[in-house]
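>>> what follows is a predicted protein model with its sequence.
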Amino acid sequence: MNHREHGIEDLCATGAERYEQALREGRISAADAADAPCLTDLGLLHPAVDDLGRLEPVAPAALLSHLLRGSRARIAEERRREDRLVELFEPLMRVETGHRTHTDTPTLRVLSGTERINGAIGDAMGQAARELLCIQPNVQYGTERGRKAQVVAMDRDQALLDRGGRIRTLYQHTQRHLPLVHARYEELRGEAQARTLDELPGRLIVIDHTVAFIPADEDGRLALEVRHPALLRFFVTAFDRLWRLATPMYPEAVQRPSLHGITPRQRAIAALLVEGHTDTAVADRLGMNVRTARVHIARLTATLGSESRAQLGYLIARSGILDQEP
């Protein structure tokens with residue numbers, strides 16, 4: 001059974017029940033607490049000195065005192081920080097300037113660091129009421145960073161749906177069978193839709209047509225927050241055109257038809273091969289590993305009766321599979 005991570009202030013029902021049991025009985029077995037690992041992670045239970053197989057509760061009064069002491073220390077530090085900021089900026093605010101700076105209307109802003117990027121997206125989502133548009137190429141839910149991002153995004157997205165908004169997301173076609181992608185849509189309640197394309201541009205998030213977020217570097221540590229109306233219109237128009245070309249995945253999946261024995265995936269690969277791309281480049285563009293790309297290329301080669309890579313390009317062009325929409 002999966003146990004969702006949470007803070008002590010959001011103690012789960014199972015954890016609360018086991019902690020109360022430990023307080024009544026003085027201790028409980030580690031097996032009885034196995035379904036609530038949060039109790040030991042958060043320090044509510046600890047192994048008994050005389051029997052490591054049993055767990056003893058920390059007194060609620062002592063625990064509360066410790067937590068409040070830490071909270072008060074953080075609040076005090078924030079107040080000291082506020083005082084320092086006021087001391088720094090108050091005299092600067094009295095300086096007269098003869099011109100306005102570009103920050104008076106921040107239509108573009110560079111965000112540095114995952115925490116700041118997620119905070120800006122979270123603030124924008126907290127005010128959203130209409131629509132979230134997402135382009136999500138190469139989603140990496142298998143990484144720890146990806147799993148944490150998924151949990152945060154689920155809460156934000158569900159809050160928007162609860163307010164009557166809707167969500168439209170574009171994935172690469174190779175991701176349509178990922179378990180965590182399907183789990184996301186099984187958990188969301190409301191108007192959430194997803195479609196897929198073989199190729200997608202970089203990641204894009206547009207919130208209520210008023211703010212967008214795009215990557216500003218290769219590793220996702222920098223992002224650009226965009227509030228310029230012209231750029232937002234461009235992003236929304238580009239998304240809508242990709243959306244119309246995409247294959248529905250959720251709430252109702254559509255099976256893409258084959259054309260003359262050539263599958264849609266092989267057709268996408270064929271288009272890139274004709275452009276002269278290597279196997280590695282083809283795999284990167286279509287969001288698959290090189291081995292899978294080569295399997296598709298081999299099947300395409302067999303279907304068209306090609307005996308060499310050079311002949312394959314000629315046969316693809318002659319077959320007409322790239323001239324027709326499936």
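Thanks, I have it.

>>> wait, A281 touches L273, no?
No - A281 is not in contact with L273 according to Cβ atoms under 8 Å; the separation is 9.9 Å. Quick note: C-beta positions are derived from backbone N, CA and C, even for glycine.

>>> in three-state terms, label A194 for me.
strand (DSSP: H, G, I helix; E, B strand; the rest coil).

>>> what's the answer for V110, then?
Three-state assignment for V110 (three-state DSSP): strand.

>>> neighbours of it, how many?
By other Cβ atoms under 10 Å, 11 other residues sit near V110.

>>> E9 too?
Neighbour tally, E9, other Cβ under 10 Å: 8.

>>> doesn't it belong to a strand?
No - per three-state DSSP, E9 lies outside any strand segment and is helix.

>>> quickly note the distance from it to D284.
43 Å (Cβ to Cβ, to the nearest Å).

>>> was I right about L42 contacting E9?
No - with contact defined as Cβ under 8 Å, L42 does not reach E9; the gap is 9.9 Å.

>>> if we can go back for a sec, for A281 and L273, indicate the residue with more neighbours.
Ranked by neighbour count (other Cβ under 10 Å), A281 and L273 place L273 first, with 22 against 15.

>>> isn't that one right up against G313?
Yes - under the criterion of Cβ under 8 Å, L273 makes contact with G313 at 6.2 Å.

>>> the residue of the chain most remote from its centre and L23, how far apart?
For the chain, the residue at maximal distance from the C-alpha centroid (Cα atoms, centre = their mean) is D50, at 45.6 Å. Going from D50 to L23 by Cβ to Cβ gives 19 Å.

>>> and the strands in this structure, which stretches?
28-29, 45-47, 54-57, 108-112, 131-136, 166-172, 191-197, 204-207, 211-215, 222-226, 247-250 (DSSP state E).

>>> each with direction, which strands does the shortest one pair with?
Each strand that pairs with strand 28-29, with its direction, by DSSP bridges: strand 54-57 (antiparallel).

>>> put the alpha carbons of the strand it pairs with into PDB.
Provided in PDB are the C-alpha atoms of strand 54-57 (Å, rounded to 0.1, in the frame of the first residue of the first chain):
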ATOM      1  CA  ARG A  54       8.100  -2.100  19.600                       C
ATOM      2  CA  LEU A  55       7.500   1.600  19.200                       C
ATOM      3  CA  GLU A  56       6.900   4.100  22.000                       C
ATOM      4  CA  PRO A  57       5.100   7.400  21.500                       C
END
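
>>> residues making contact with that strand?
19, 22-23, 26-30, 33, 39-40, 44-48 (Cβ atoms under 8 Å, 6 or more residues apart in numbering).

>>> filter those residues to the buried ones?
Y19, A22, L23, R27, I28, A33, L39, L44, L45 (16 or more other Cβ atoms under 10 Å).

>>> show me where the stretch 151-300 of the chain dips below the pLDDT cut-off.
Along the stretch 151-300 of the chain, segments meeting pLDDT under 70 span 179, 182, 253-260.

>>> kindly apply the preceding question to the stretch 1-150 of the chain instead.
Along the stretch 1-150 of the chain, the parts satisfying pLDDT under 70 run over 1-2, 96-105, 139-150.

>>> domain map for the chain?
8-58, 107-250, 264-319 (automatic domain parsing).

>>> now the ones you listed as TSV including distance to G70?
TSV is the format used below for the domains of the chain (distance: least, Cβ to Cβ, whole Å):
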stretch	distance to G70
domain 8-58	11
domain 107-250	20
domain 264-319	44
